[in-house]
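# sequence unknown, structure follows:
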């Protein structure tokens, strides 16, 4: 029963996703540089390194650049 | 090959134009020639209040598209760190003296102040390379290598990932794996966990200072990332990542110590250096952390366009077996100013719980715990960042930008750990920092 429910949820999610989105000719705004999820990559890299050095949690967005600089 | 295509394209355009009897738009064809490199470069200054850490950093991210979505990315950065960092000891009513990390000198802290170790300065180089290319229709593979080097720390790592597009490329699933091996070579050697800070040894004495185990150690980090990117509409895109990270090996900070205090008064236990020697005037122990850490995180980010203004909102939850649970909420709003410039306010809020082995101080009579750290980065704390970025496009299509941010970190002293006189007097090493960045984005 639980597996069936899980299957229903997974199928539902994918069907849901299939209804979301746009046609290829509707991507004018999404194609803009400021709408890219990886825009500001350099700012993000600087910030991730600073917060990695100063806070107890890190990561989540992608992989870090490595190193410590932990003072 | 891409250049050949272009030449053919230009020839076809010229042929079409002459057939149609219009002037050949030579300049516009030339303008469409793709640049070889897309480069983001920036200079960053990071400075903390009270003469604490200062960092000057130069960084460049270069990307080149070789056509057919085959892309090379190269990131290079250089950091120069100076200043003073809290050593983990508590502030006391009298001046305090400590043996420096090298074990060969001493430094002092005035009465009433959080002890800072000002003996470090470091330069860090980091280089990362990444290649990505389509693998089959709808699939993209990427692989990368990274390396970084500091005086006392070296990192080498690799990563591999795959993405697949679904649903007319409105949905992208991704999976990525990274592995890193780091080597830690602390100044003065690796302190024995929870060992007492000894007197300084003379500079001319050979060998390792007392209470040190060896010269270096290593740590391995394995990361896994699973992500979904979803287009929600013509103006909205979002992604959700699940991340798992497993670190093992030497995870202790070799430069952090704990104050040993009287179990009733909570005052630092005094100590006298051996005759003729210089050394600590109080009892301190080196910290000790577990040799493994498993972290899990959930990260969600959304971008939405409101007729040219772009709102970006991100949230991260992370939890680990050190019991550091954190929430991060972050937002940017990009506001166009006319045709060629923009203003972008930024706000970030962070909060975390304390690690299970975080200790404000160690009571003198208690049996020693297996693990203990007074590092404020493992305490219960929160932080706020407020920033503003301004960017302006040049006539040639490049962009320069400037960013100014303020960061404030506030830690909370753990009320249930405070002893005697510490109650009401406990100080945490809170700080403010300013981040100033100048960037230039250009194509070559």
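Yes, it's here. Note that the structure is a prediction, hence the values are computed from the model and not measured.
# Closest residue of chain A to chain B?
With Cβ to the nearest Cβ, the shortest gap between chain A and chain B falls at residue A:21, namely 2.7 Å. For the C-beta atoms, the positions are set from N, CA and C on the backbone; glycine is no exception.
# distance of that residue from residue B:170?
Going from residue A:21 to residue B:170 by Cβ to Cβ, to the nearest Å gives 3 Å.
# what do the two both touch?
The contact sets of residue A:21 and residue B:170 overlap at B:230-231 (Cβ atoms under 8 Å, 6 or more residues apart in numbering or on different chains).
# immediately after the strand or helix carrying residue B:259, which helix or strand?
Mapping residue B:259 onto the secondary structure by DSSP states H and E places it in strand B:257-261. Next helix or strand after strand B:257-261 toward the C-terminus (DSSP H and E): strand B:284-286.
# Please enumerate the helices of the chain.
As the question left the chain open, I've gone with chain A. Secondary structure of chain A (DSSP state H): helices at A:2-19, A:41-54.
# my bad, the chain I had in mind was chain B
Along chain B, counting by DSSP H, helices occupy B:2-20, B:26-31.
# For stretch B:172-183, buried residues please.
Across stretch B:172-183, burial judged by 16 or more other Cβ atoms under 10 Å in any protein chain shown covers B:172, B:174, B:176, B:178, B:180, B:182-183.
# between the residues you listed, which is nearest chain A?
Closest approach between the buried residues of stretch B:172-183 and chain A, by Cβ to the nearest Cβ: residue B:178, at 4.7 Å.
# Okay, now the unreliable bits of the chain?
All of this is about chain A. A:1-19, A:64-71 (pLDDT under 70).
# could you do chain B instead?
For chain B, residues meeting the criterion pLDDT under 70 lie at B:1-35, B:204-206.
# returning to that earlier point: might one say that the residue of chain A closest to chain B is in contact with residue B:167?
Yes - contact criterion Cβ atoms under 8 Å: residue A:21 and residue B:167 qualify, at 5.7 Å.
# Comparing those two, which residue is more hemmed in?
A direct count of neighbours by other Cβ atoms under 10 Å in any protein chain shown for residue A:21 and residue B:167 places residue A:21 higher, at 21 against 15.
# And that one, how far from residue B:379?
Going from residue A:21 to residue B:379 by Cβ to Cβ gives 44 Å.
# Equivalent analysis for residue B:114, please.
Distance, residue B:114 to residue B:379, by Cβ to Cβ: 13 Å.
# before we move on, back to that, show me what the strand holding residue B:259 is in contact with.
With Cβ under 8 Å, 6+ apart, strand B:257-261 has contacts from B:87-90, B:92, B:98, B:197, B:267-269, B:282-287, B:359, B:361-364, B:372-374, B:419, B:422.
# Buried among those residues? Need that as a selection in ChimeraX.
A single ChimeraX command is used to select the members of the contacts of strand B:257-261 judged buried by 16+ other Cβ under 10 Å:
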select /B:87,88,89,90,92,98,197,267,268,269,282,283,284,285,286,287,359,361,362,363,372,373,374,419,422
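# residue in chain B nearest to chain A?
Taking Cβ to the nearest Cβ, chain A has its nearest neighbour within chain B at residue B:170, 2.7 Å off.
# What degree of burial does that residue show, as a neighbour count?
Neighbours of residue B:170 under the rule other Cβ under 10 Å: 23.
# One more: residue B:65?
Using other Cβ under 10 Å, residue B:65 has 15 neighbouring residues.
# Test my guess that it contacts residue B:71.
Yes - using Cβ under 8 Å, residue B:65 is in contact with residue B:71, at 5.3 Å.
# Residue B:380: neighbouring residues, count only.
Neighbour count for residue B:380, taken as other Cβ under 10 Å: 19.
# Now do the same contact list for it.
Listed by Cβ under 8 Å, 6+ apart, the contact partners of residue B:380 are B:352-354, B:358, B:411-412, B:414.
# From those residues, which land in strands?
Within the contacts of residue B:380, residues falling in strands by DSSP state E are B:352, B:411-412.
# hmm, back to that, adding distance to chain A, write the buried residues of stretch B:172-183 out as JSON lines.
Shown next, in JSON lines, are the buried residues of stretch B:172-183 (distance: Cβ to the nearest Cβ, whole Å):
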{"residue": "B:172", "distance to chain A": "10"}
{"residue": "B:174", "distance to chain A": "10"}
{"residue": "B:176", "distance to chain A": "7"}
{"residue": "B:178", "distance to chain A": "5"}
{"residue": "B:180", "distance to chain A": "6"}
{"residue": "B:182", "distance to chain A": "8"}
{"residue": "B:183", "distance to chain A": "11"}
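# Any chance of CSV for these, columns distance to residue B:243?
As requested, these are exported to CSV (distance: Cβ to Cβ, whole Å):
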residue, distance to residue B:243
B:172, 17
B:174, 12
B:176, 9
B:178, 10
B:180, 14
B:182, 18
B:183, 24
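# Which of those fall within strands?
Using DSSP E, the buried residues of stretch B:172-183 in strands are B:172, B:174, B:176, B:178, B:180, B:182-183.
# between those, which is closest to residue B:312?
Set against residue B:312, the nearest of these by Cβ to Cβ is residue B:172 (18.1 Å).
# How about the residue lying closest to that closest one once chain neighbours are set aside: which residues does it bridge to?
In space, and not counting its chain neighbours, residue B:172 is closest to residue B:229: 4.3 Å by Cβ to Cβ, 6 or more residues apart in numbering or on different chains. Beta-bridge pairing of residue B:229 under DSSP bridges involves residue B:172, residue B:239.
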